[in-house]
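Enquirer: what would the 3D arrangement of this be:
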Amino acid sequence: MRRRVCRVFHFERPQIYVVRHRTTLITGPHRSEGTRHGQLGTIRLGKRTDARCPKIRDFLPLADLNDLVFTGWDIFTDDMYAAASKAGVLERELIDRIQPFLESIKPLPAVFNRNYVRKLDGPNVKEGKNRMHLAEQLRADIREFKRSSGARRFVMIWCGSTEIFLQPREVHQSLKAFVSALESNDENISPSMIYAYAALSEGVPFANGAPNLTVDIPAMHELSRLNEAPICGKDFKTGQTLVKTILAPGFKARMLGLHGWYSTNILGNRDGEVLDDPESFKTKEVSKLGVLEHILQPQVYPELYGKIFHKVGINYYPPRGDNKEGWDNIDIFGWLGYPMQIKIDFLCRDSILAAPIVLDLVLFLDLAQRCDELRRLGIQEWLSFYFKSPMTVPGLYPEHDLFIQSMKLKNTLRHVKGEEQITHLGLEYYD
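Expert: Sure thing, here's the model as predicted:
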């Protein structure tokens, strides 16, 4: 009998969930299967001359996509078929193929507070005397799903909206202080933190797909390590920031200077509506702006990157729906300071880029919890590849360079299996 793995998630982005059953949904020409790394990615083992390059799913004991079962919470009552139909991300023909499956997934009442996401409201919301009471309701939901689903292992992914900007406070500095704040209904505890607390308290790994503070606080680090429930985040790296983490390492490698990088987006889905609120946008802006500074290291290369003007904007434009458009104007300079420009117009699909990330994180967090060494770490920095603002231990700067992140991810997988690390030195070929 196969083991079953559950992903417990918070909805609010119903447009991506249909993709998560992709092994049975989308087949035939022009349709690629599964996730980026977990299903299609390969991993080199040993020397280049060894010709060992298995798919990651064959190299590691990842969960089978057909063994995943689902539940979640949403502030709206639509089942997943209704939600996916309204979202309009996929062709109706595709979602109609698995209509009974999608209709079987009905959202549980959500923990929600409009003070943290001001542009949304919905009827399917839990009530409680304080934040601890709400957390206990979520824990009860998780325990009930463990009982009813037949799943043996669980992962929770926050796919909810961007909350207003919050700074770390005293209540976030220890688990004891955090629990006390839940009981006293402290406003510094946001809904996403309540979900994270509930998941980690039940020993369920947690990934944060939004730029919210959520698990990036000492209290959650402590709880994660206490219950050996891995955590990672934050903010899925999908569109414009993905491009930046590809191009900026190239500029730095060739010592091309940068005067400025102007970025703006138009987006018409629920994400765009939420980010139309200045306080929610501030949370996203902080996540997006840190990328170039960490990659280009202006303190090390002041002549090239010491005076960068970096501007990021997001504009809500309903006619575009989920098809986000990102415009970039990049002012670079080369030898003798001669200026050059690069202009990018990225016509992307927000949920199509995000959904494979979610599936990869489910598979890799489940793997981490089954690995003694990884699950005791708490923060899974090796999963930085998937995030705009990667979590690290306090005091350690994050790696944003996509190529370093990819090497870190694959070397971690090699390490788990006792394989030699790949350094690309290559001197042994010339002995």
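
Enquirer: can we go C-alpha only for contacts and neighbour counts from here?
Expert: Noted.

Enquirer: what pLDDT does residue 10 get?
Expert: pLDDT, residue 10: 47.

Enquirer: ignore what I typed, I meant residue 164.
Expert: pLDDT at residue 164 comes out at 93.

Enquirer: so what's it closest to, chain neighbours aside?
Expert: residue 280 (4.2 Å; CA to CA, 6 or more residues apart in numbering).

Enquirer: C-terminal to the host helix or strand of the one you found, what's the next element?
Expert: Applying DSSP states H and E as the criterion places residue 280 in helix 278-296. Next in sequence after helix 278-296, counting helices and strands by DSSP H and E, comes helix 302-305.

Enquirer: what number of residues lie near residue 69?
Expert: Counted by other CA atoms under 10 Å, the residues lying close to residue 69 total 17.

Enquirer: how distant is stretch 202-212 from the center of its chain?
Expert: Stretch 202-212 has its average C-alpha position 9 Å from the chain's average C-alpha position, going by CA atoms, centre = their mean, to the nearest Å.

Enquirer: pretty sure the residue nearest to residue 164 contacts residue 119?
Expert: No - contact criterion CA atoms under 8 Å: residue 280 and residue 119 do not qualify, at 9.4 Å.

Enquirer: overlap in contacts, these two.
Expert: Residues touching both residue 280 and residue 119 comprise residue 274, with contact defined as CA atoms under 8 Å, 6 or more residues apart in numbering.

Enquirer: the more surrounded of those two?
Expert: Comparing residue 280 with residue 119 by other CA under 10 Å, the one with more neighbours is residue 280, at 23 against 17.

Enquirer: what's the first-to-last distance across stretch 88-106?
Expert: Using CA to CA, to the nearest Å, the end-to-end distance of stretch 88-106 comes to 19 Å.

Enquirer: buried residues in it?
Expert: 89-90, 95, 102, 105-106 (16 or more other CA atoms under 10 Å).

Enquirer: sitting in helices, which of these do you find?
Expert: Judged by DSSP state H, those include 95, 102 as members of helices.

Enquirer: now the buried residues of stretch 88-106 as CSV including pLDDT and distance to residue 132?
Expert: CSV is the format used below for these (pLDDT from 0 to 100; distance: CA to CA, whole Å):
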residue, pLDDT, distance to residue 132
89, 91, 36
90, 92, 38
95, 95, 38
102, 95, 32
105, 95, 27
106, 95, 24
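
Enquirer: dump the buried residues of stretch 88-106 to JSON lines, plus distance to residue 418.
Expert: Conversion of the buried residues of stretch 88-106 to JSON lines gives the following (distance: CA to CA, whole Å):
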{"residue": "89", "distance to residue 418": "41"}
{"residue": "90", "distance to residue 418": "41"}
{"residue": "95", "distance to residue 418": "41"}
{"residue": "102", "distance to residue 418": "40"}
{"residue": "105", "distance to residue 418": "40"}
{"residue": "106", "distance to residue 418": "42"}
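
Enquirer: residue 298 and residue 252: what is the separation?
Expert: From residue 298 over to residue 252 the distance is 10 Å, taken as CA to CA.

Enquirer: need the overlap of contacts for these two.
Expert: Between them, residue 298 and residue 252 share no contacting residue, judged by CA under 8 Å, 6+ apart.

Enquirer: break the chain into its domains for me.
Expert: Domains of the chain are assigned by automatic domain parsing as 5-236+352-416, 240-347.

Enquirer: tell me the most buried of the ones you listed?
Expert: Comparing the domains of the chain by mean neighbour count (mean count of other CA atoms under 10 Å), domain 5-236+352-416 ranks first with a mean of 19.

Enquirer: in the stretch 251-400 of the chain, which spans are strands?
Expert: Applying DSSP state E, counting those that start in this stretch to the stretch 251-400 of the chain gives strands spanning 257-267, 309-316, 325-333, 339-347.
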